[in-house]
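Participant: the sequence isn't on hand, but the structure is:
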(Lines give C-alpha, C1' and ligand atoms only; values in the text may rest on other atoms or scores of the structure.)
Protein backbone atom coordinates (compact mmCIF):
# COMPACT_ATOMS: atom_id res chain seq x y z
CA UNK A 1 0.00 0.00 0.00
CA UNK A 2 2.75 2.44 0.94
CA UNK A 3 4.79 1.65 -2.15
CA UNK A 4 1.69 2.06 -4.34
CA UNK A 5 1.02 5.50 -2.89
CA UNK A 6 4.67 6.45 -3.40
CA UNK A 7 4.57 5.32 -7.06
CA UNK A 8 1.36 7.25 -7.67
CA UNK A 9 2.83 10.42 -6.12
CA UNK A 10 5.94 10.12 -8.30
CA UNK A 11 3.84 9.77 -11.47
CA UNK A 12 1.89 12.87 -10.45
CA UNK A 13 5.17 14.59 -9.53
CA UNK A 14 3.70 15.33 -6.12
CA UNK A 15 7.10 15.72 -4.51
CA UNK A 16 5.74 16.74 -1.11
CA UNK A 17 3.91 13.43 -0.80
CA UNK A 18 7.00 11.63 -2.11
CA UNK A 19 9.14 13.19 0.62
CA UNK A 20 6.57 12.38 3.32
CA UNK A 21 6.24 8.77 2.19
CA UNK A 22 10.04 8.43 1.98
CA UNK A 23 10.45 9.77 5.52
CA UNK A 24 7.84 7.29 6.73
CA UNK A 25 9.71 4.41 5.08
CA UNK A 26 13.07 5.47 6.53
CA UNK A 27 11.57 6.06 9.96
CA UNK A 28 9.96 2.64 9.90
CA UNK A 29 13.23 0.99 9.01
CA UNK A 30 15.06 2.97 11.71
CA UNK A 31 12.50 2.09 14.39
CA UNK A 32 12.61 -1.56 13.35
CA UNK A 33 16.39 -1.63 13.64
CA UNK A 34 16.24 0.08 17.02
CA UNK A 35 13.69 -2.41 18.32
CA UNK A 36 15.83 -5.29 17.06
CA UNK A 37 18.96 -3.85 18.70
CA UNK A 38 17.08 -3.20 21.95
CA UNK A 39 15.81 -6.77 21.99
CA UNK A 40 19.32 -8.13 21.34
CA UNK A 41 20.74 -5.98 24.15
CA UNK A 42 18.00 -7.17 26.51
CA UNK A 43 18.81 -10.80 25.69
CA UNK A 44 22.52 -10.13 26.24
CA UNK A 45 21.81 -8.54 29.63
CA UNK A 46 19.62 -11.48 30.64
CA UNK A 47 22.29 -13.96 29.53
CA UNK A 48 24.97 -12.01 31.40
CA UNK A 49 22.88 -11.92 34.57
CA UNK A 50 22.26 -15.65 34.37
CA UNK A 51 25.98 -16.30 34.00
CA UNK A 52 26.81 -14.03 36.96
CA UNK A 53 24.28 -15.75 39.22
CA UNK A 54 25.78 -19.13 38.32
CA UNK A 55 29.28 -17.72 38.81
CA UNK A 56 28.33 -16.52 42.30
CA UNK A 57 27.15 -20.05 43.12
CA UNK A 58 30.44 -21.50 41.83
CA UNK A 59 32.47 -19.06 43.91
CA UNK A 60 30.39 -19.88 46.97
CA UNK A 61 31.05 -23.60 46.51
CA UNK A 62 34.80 -23.01 46.22
CA UNK A 63 34.82 -20.74 49.29
CA UNK A 64 33.04 -23.43 51.32
CA UNK A 65 35.46 -26.15 50.26
CA UNK A 66 38.54 -24.02 50.92
CA UNK A 67 37.22 -23.11 54.39
CA UNK A 68 36.82 -26.83 55.15
CA UNK A 69 40.32 -27.57 53.87
CA UNK A 70 41.80 -24.78 55.99
CA UNK A 71 39.99 -26.01 59.09
CA UNK A 72 41.26 -29.54 58.53
CA UNK A 73 44.86 -28.33 58.15
CA UNK A 74 44.67 -25.75 60.93
CA UNK A 75 47.82 -25.58 63.04
CA UNK A 76 49.88 -28.03 60.98
CA UNK A 77 52.70 -25.54 60.22
CA UNK A 78 53.04 -24.86 63.97
CA UNK A 79 53.09 -28.59 64.71
CA UNK A 80 55.78 -29.17 62.11
CA UNK A 81 57.95 -26.26 63.31
CA UNK A 82 57.86 -27.44 66.92
CA UNK A 83 58.67 -31.00 65.84
CA UNK A 84 61.63 -29.77 63.80
CA UNK A 85 62.95 -27.55 66.62
CA UNK A 86 62.72 -30.44 69.07
CA UNK A 87 64.58 -32.78 66.71
CA UNK A 88 67.15 -30.10 65.90
CA UNK A 89 67.92 -29.47 69.58
CA UNK A 90 67.29 -33.10 70.55
CA UNK A 91 64.97 -31.75 73.25
CA UNK A 92 61.54 -33.40 73.35
CA UNK A 93 60.28 -30.67 75.69
CA UNK A 94 60.26 -28.21 72.78
CA UNK A 95 57.43 -30.14 71.13
CA UNK A 96 53.91 -30.95 72.22
CA UNK A 97 52.83 -34.61 72.51
CA UNK A 98 50.91 -34.65 69.23
CA UNK A 99 53.39 -32.70 67.11
CA UNK A 100 55.35 -35.66 65.75
CA UNK A 101 52.22 -37.60 64.82
CA UNK A 102 50.66 -34.60 63.04
CA UNK A 103 53.93 -33.81 61.27
CA UNK A 104 54.96 -37.24 60.07
CA UNK A 105 51.57 -38.94 59.67
CA UNK A 106 49.76 -35.95 58.11
CA UNK A 107 52.52 -34.58 55.89
CA UNK A 108 50.46 -35.22 52.74
CA UNK A 109 47.54 -33.13 54.00
CA UNK A 110 47.82 -30.26 51.50
CA UNK A 111 44.57 -30.50 49.59
CA UNK A 112 43.46 -27.87 47.13
CA UNK A 113 39.87 -27.03 46.30
CA UNK A 114 38.38 -28.23 43.03
CA UNK A 115 38.21 -25.30 40.62
CA UNK A 116 34.59 -24.88 39.55
CA UNK A 117 35.24 -23.37 36.13
CA UNK A 118 32.30 -24.50 33.99
CA UNK A 119 30.45 -21.17 34.09
CA UNK A 120 33.66 -19.20 33.55
CA UNK A 121 34.62 -21.39 30.58
CA UNK A 122 31.14 -20.90 29.08
CA UNK A 123 31.44 -17.14 29.50
CA UNK A 124 34.76 -17.21 27.65
CA UNK A 125 33.57 -19.50 24.87
CA UNK A 126 30.30 -17.63 24.27
CA UNK A 127 31.92 -14.20 24.31
CA UNK A 128 29.77 -13.16 27.27
CA UNK A 129 32.79 -12.19 29.35
CA UNK A 130 34.19 -9.93 26.63
CA UNK A 131 30.74 -8.41 26.02
CA UNK A 132 30.12 -7.38 29.62
CA UNK A 133 29.23 -3.71 30.06
CA UNK A 134 31.09 -3.55 33.38
CA UNK A 135 34.66 -3.86 32.14
CA UNK A 136 36.13 -3.71 35.64
CA UNK A 137 34.02 -6.65 36.77
CA UNK A 138 34.92 -8.55 33.61
CA UNK A 139 38.62 -7.99 34.35
CA UNK A 140 38.10 -9.01 37.99
CA UNK A 141 36.50 -12.31 36.90
CA UNK A 142 39.36 -13.11 34.52
CA UNK A 143 41.93 -12.11 37.14
CA UNK A 144 40.34 -14.27 39.82
CA UNK A 145 40.33 -17.43 37.72
CA UNK A 146 43.87 -16.74 36.57
CA UNK A 147 44.83 -16.51 40.25
CA UNK A 148 43.03 -19.77 41.06
CA UNK A 149 44.86 -21.58 38.28
CA UNK A 150 48.18 -20.16 39.46
CA UNK A 151 47.33 -21.40 42.97
CA UNK A 152 46.71 -24.93 41.74
CA UNK A 153 49.98 -24.86 39.81
CA UNK A 154 51.88 -23.46 42.81
CA UNK A 155 50.60 -26.14 45.17
CA UNK A 156 51.51 -28.81 42.63
CA UNK A 157 55.04 -27.41 42.54
CA UNK A 158 55.16 -27.27 46.35
CA UNK A 159 54.28 -30.96 46.55
CA UNK A 160 57.17 -31.96 44.27
CA UNK A 161 59.27 -32.90 47.32
CA UNK A 162 56.69 -35.38 48.66
CA UNK A 163 58.21 -38.48 46.99
CA UNK A 164 61.53 -37.74 48.70
CA UNK A 165 59.81 -37.29 52.07
CA UNK A 166 57.94 -40.54 51.45
CA UNK A 167 61.17 -42.47 51.06
CA UNK A 168 62.74 -41.01 54.21
CA UNK A 169 59.71 -41.62 56.43
CA UNK A 170 59.13 -45.11 55.07
CA UNK A 171 62.74 -46.04 55.84
CA UNK A 172 62.83 -44.72 59.40
CA UNK A 173 59.29 -44.63 60.82
CA UNK A 174 56.44 -47.04 61.38
CA UNK A 175 53.31 -45.40 60.02
CA UNK A 176 49.98 -46.86 61.04
CA UNK A 177 46.32 -46.10 61.84
CA UNK A 178 44.60 -46.00 65.19
CA UNK A 179 41.34 -47.79 66.05
CA UNK A 180 39.32 -45.04 64.33
CA UNK A 181 41.35 -45.12 61.13
CA UNK A 182 43.30 -41.94 61.87
CA UNK A 183 46.94 -41.89 60.66
CA UNK A 184 49.42 -42.27 63.51
CA UNK A 185 53.00 -43.26 64.40
CA UNK A 186 53.76 -46.62 65.96
CA UNK A 187 56.65 -47.00 68.41
CA UNK A 188 58.11 -43.55 67.72
CA UNK A 189 61.61 -43.32 69.21
CA UNK A 190 62.44 -39.64 69.77
CA UNK A 191 66.10 -40.21 70.66
CA UNK A 192 66.72 -42.22 67.50
CA UNK A 193 64.78 -39.65 65.44
CA UNK A 194 66.77 -36.65 66.67
CA UNK A 195 70.02 -38.46 65.86
CA UNK A 196 68.78 -39.12 62.31
CA UNK A 197 69.78 -36.35 59.90
CA UNK A 198 67.37 -37.54 57.21
CA UNK A 199 64.41 -37.32 59.58
CA UNK A 200 65.44 -33.88 60.82
CA UNK A 201 65.73 -32.64 57.26
CA UNK A 202 62.41 -34.26 56.38
CA UNK A 203 60.78 -32.39 59.30
CA UNK A 204 62.30 -29.15 58.00
CA UNK A 205 60.94 -29.82 54.49
CA UNK A 206 57.51 -30.73 55.85
CA UNK A 207 57.33 -27.45 57.76
CA UNK A 208 58.36 -25.53 54.65
CA UNK A 209 55.75 -27.38 52.60
CA UNK A 210 53.01 -26.68 55.17
CA UNK A 211 53.99 -23.01 55.40
CA UNK A 212 54.02 -22.47 51.62
CA UNK A 213 50.69 -24.24 51.23
CA UNK A 214 49.09 -22.26 54.06
CA UNK A 215 50.32 -18.91 52.72
CA UNK A 216 49.03 -19.65 49.21
CA UNK A 217 45.70 -20.98 50.48
CA UNK A 218 45.07 -17.97 52.74
CA UNK A 219 45.83 -15.68 49.80
CA UNK A 220 43.40 -17.44 47.45
CA UNK A 221 40.71 -17.58 50.17
CA UNK A 222 41.03 -13.82 50.66
CA UNK A 223 40.85 -13.31 46.91
CA UNK A 224 37.65 -15.37 46.70
CA UNK A 225 36.09 -13.52 49.64
CA UNK A 226 36.86 -10.13 48.14
CA UNK A 227 35.53 -11.11 44.72
CA UNK A 228 32.40 -12.67 46.23
CA UNK A 229 31.53 -9.41 47.99
CA UNK A 230 32.03 -7.46 44.78
CA UNK A 231 29.91 -9.86 42.75
CA UNK A 232 27.13 -9.91 45.37
CA UNK A 233 27.05 -6.11 45.35
CA UNK A 234 26.82 -6.09 41.56
CA UNK A 235 23.96 -8.61 41.58
CA UNK A 236 22.14 -6.76 44.36
CA UNK A 237 22.31 -3.55 42.31
CA UNK A 238 20.60 -5.46 39.50
CA UNK A 239 17.87 -6.73 41.80
CA UNK A 240 19.18 -10.23 42.51
CA UNK A 241 19.07 -11.41 46.11
CA UNK A 242 22.07 -13.11 47.72
CA UNK A 243 22.35 -16.40 45.83
CA UNK A 244 23.92 -18.04 48.90
CA UNK A 245 20.82 -17.49 51.07
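Facilitator: Everything's here; your move. Just so we're clear, the structure is a prediction, and the values are computed from it rather than from any experiment. Numbering: from 1, shown residues only.
Participant: any idea which residue sits dead centre in this protein?
Facilitator: Residue closest to the average C-alpha location in the chain (C-alpha atoms, centre = their mean): residue 148, at 4.6 Å.
Participant: okay, now the unreliable bits of the chain?
Facilitator: Along the chain, the model assigns pLDDT under 70 to residues 1-44, 242-245.
Participant: swap the cut-off to 90 and go again
Facilitator: Along the chain, the model assigns pLDDT under 90 to residues 1-49, 72-74, 97, 106-115, 128, 130-134, 154-162, 178-179, 182, 237-245.
Participant: show me where it has strands.
Facilitator: Remark: strands assigned in the chain by DSSP state E are 175-177, 183-185.
Participant: please identify the deepest-packed of these.
Facilitator: Of all those, strand 183-185 carries the top mean neighbour count, a mean of 18, counting by mean count of other C-beta atoms under 10 Å. To be clear about C-beta, it is placed using only N, CA and C from the backbone, and glycine gets the same treatment.
Participant: ok, which stretches of the protein are helices?
Facilitator: Secondary structure of the chain (DSSP state H): helices at 2-11, 15-72, 76-89, 99-104, 118-126, 135-158, 162-172, 190-194, 197-237.
Participant: what is the burial count for residue 224?
Facilitator: Neighbourhood size, residue 224 [other C-beta atoms under 10 Å]: 20.
Participant: any idea how far it is from residue 127?
Facilitator: Per C-beta to C-beta, to the nearest Å, residue 224 is found 25 Å from residue 127.
Participant: pull the residues that contact stretch 229-239.
Facilitator: Contacts with stretch 229-239, where a contact means C-beta atoms under 8 Å, 6 or more residues apart in numbering, come from 49, 52, 53, 55, 56, 59, 134, 137, 140, 242, 243.
Participant: 7 Å instead?
Facilitator: Contact with stretch 229-239 is made by 49, 52, 53, 55, 56, 59, 134, 137, 140, 242, as judged by C-beta atoms under 7 Å, 6 or more residues apart in numbering.
Participant: could you do stretch 140-153 as well?
Facilitator: Stretch 140-153 is contacted by residues 55, 112, 115, 117, 120, 129, 216, 220, 223, 227, 230 when judged by C-beta under 7 Å, 6+ apart.
Participant: are any of these buried, and if so which?
Facilitator: 55, 112, 120, 129, 216, 220, 223, 227 (16 or more other C-beta atoms under 10 Å).
Participant: which one of these sits closest to residue 81?
Facilitator: residue 216 (17.5 Å; C-beta to C-beta).
Participant: and that closest one, how far from residue 155?
Facilitator: With C-beta to C-beta as the criterion, residue 216 and residue 155 are 6 Å apart.
Participant: equivalent analysis for residue 104, please.
Facilitator: Distance, residue 104 to residue 155, by C-beta to C-beta: 20 Å.
Participant: okay, these two: which has more neighbours?
Facilitator: residue 104 (26 against 18).
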